[in-house]
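Participant: Would you be able to build a 3D model of this:
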Amino acid sequence: MKFLDQAKVYIKSGDGGAGSVSFRREKFIEFGGPDGGDGGRGGDVWVEAVNGLNTLIDFRFQQHFKATIGTHGMGRNRAGAKGADVTLKVPVGTQVFEEDEETLICDLTREGQRYRVAAGGNGGFGNAYFKSSVNQAPDWANPGLPGEEKTIWLRLKLIADAGLVGLPNAGKSTFLAAVTRARPKIANYPFTTLHPNLGVATIDGQEFVLADIPGLIEGAHEGVGIGDRFLGHVERTRVLLHLVSAQEEKVGKAYKTVKHELEAYGNELTDKPEIVALSQIDVVDEETLKKKKRELARACGKTPFLISAITGSGMTEVLRALRDIIVEANGGAGQEAPMKALKVRHRDMQSSGSEDESGDNSDLDDERRSDGEEQQG
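Facilitator: This is a model prediction of the structure:
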């Protein structure tokens, strides 16, 4: 399956059905009168976070989503049916933006979360609604209101507990393959990893999710290499594991290069707890290793871990250090990453175990009345 973490989608909710102009005319019925029913509400467009997806590749093949219109009202006071809704199923961790790619609409961080991104138009009132003592035979009805129409951006930020960062060929994919069941592509050339990979690591009976992203090089924030946009996938992590290869001639410079790119990207990545490890120590001799360890310690201001994914040296200690930070962070901030404060209408947001789709229609009559009175005026 190909990985896609951004997609542009056109959506349109359904128009409301028109009200009916009808009069009751039956043989031997003394009192007739208006009996035109109201039109049905147009269908809504929802975005829902579901389990089992880790890419937006489905939206490469379908970019247009339209809900159906509401059924028109009919005689004998028959109201039209509501239009069918359309639901965009996305991976957990998907953010929805307006067309400007800056205005955040919603951030779906839990399975089962739903958000209404386009509300269907209200149905028009039939002529039976307008009858009164001074107007006993109204011969007009309201048309349905149009639905919402817009273009939105879907942007995926994977949900992981720890993220792996470093230069290309720093051993990130090898580390992921050694501690999880993930099988990323591993080769001896730069940018072997072209998209993020996830894996579940286990240490002392506890599990956490690791995210491996493509390597960063100097100037990545300016688009050099494959850029830095994949850093979005480690924004939600609790801790970063910064790997520096022992094969680098200047390990201190290699560390500072990646650190500079993290600072240039922003979004508080440099504020996250960081564990620094000197990887691939099995390819250098003992004297060289001590020299590189001292150089890296001066650059990062802490004692780095010494690890080798091939021999397994130092791997347990690093995993335990990651586990301790994740457990501490989860204990103070809960299991889920906090959602950004959004101005969200309650009726537009749903979570699993709460109200169902039909529960959103409790205020439908009030909305339609207010809209109908505005149209009448």
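Participant: and Thr174, what element?
Facilitator: Assigned by DSSP states H and E, Thr174 belongs to helix 172-179.
Participant: Can you tell me what sits against that helix?
Facilitator: Contact with helix 172-179 is made by 164-166, 182-186, 192-193, 197, 199, 201, 210, 212-213, 215, 241, 243, 279, 307, 309-310, 312, 315, 319, as judged by C-beta atoms under 8 Å, 6 or more residues apart in numbering. C-beta coordinates here come from the backbone N, C-alpha and C atoms, glycine included.
Participant: out of those, which are inside strands?
Facilitator: Leu164, Val165, Asn197, Gly199, Ala201, Leu210, Asp212, Leu241, Leu243, Ser279 (DSSP state E).
Participant: residues touching the fourth one, list them.
Facilitator: With contacts taken as C-beta under 8 Å, 6+ apart, Gly199 has the following neighbours: Leu176, Ala177, Val179, Thr180, Arg181, Ala182, Val209, Leu210, Asp212.
Participant: any chance of the residues you listed in TSV, plus pLDDT, distance to Gly147 and neighbour count?
Facilitator: Shown next, in TSV, are these (pLDDT from 0 to 100; distance: C-beta to C-beta, whole Å; neighbours: other C-beta atoms under 10 Å):
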residue	pLDDT	distance to Gly147	neighbour count
Leu176	93	45	24
Ala177	93	48	18
Val179	93	49	21
Thr180	93	45	20
Arg181	90	46	10
Ala182	88	43	16
Val209	92	39	17
Leu210	94	43	24
Asp212	91	42	30
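Participant: now the helices for the stretch 201-350 of the chain?
Facilitator: Ranges of helices within the stretch 201-350 of the chain are 251-265, 286-300, 315-333, based on DSSP state H, counting those that start in this stretch.
Participant: the inter-axis angle of the second one versus helix 251-265?
Facilitator: Yep, that's helix 286-300 we're talking about. For helix 286-300 against helix 251-265, the angle between stretch directions is 30 degrees (axes from the mean of the first three to the mean of the last three C-alpha atoms, to 10 degrees).
Participant: Buried residues, helix 286-300. List them.
Facilitator: For helix 286-300, burial by neighbour count (16 or more other C-beta atoms under 10 Å) applies to Leu289, Lys292, Lys293, Glu295, Leu296, Ala297, Ala299, Cys300.
Participant: Return the member of the residues you listed nearest to Gly93.
Facilitator: Distance to Gly93 across the buried residues of helix 286-300 (C-beta to C-beta) is lowest for Cys300, with 29.1 Å.
Participant: does the closest one really touch Ala254, like I thought?
Facilitator: No. Using C-beta atoms under 8 Å as the test, Cys300 is too far from Ala254 to be in contact (10.8 Å).
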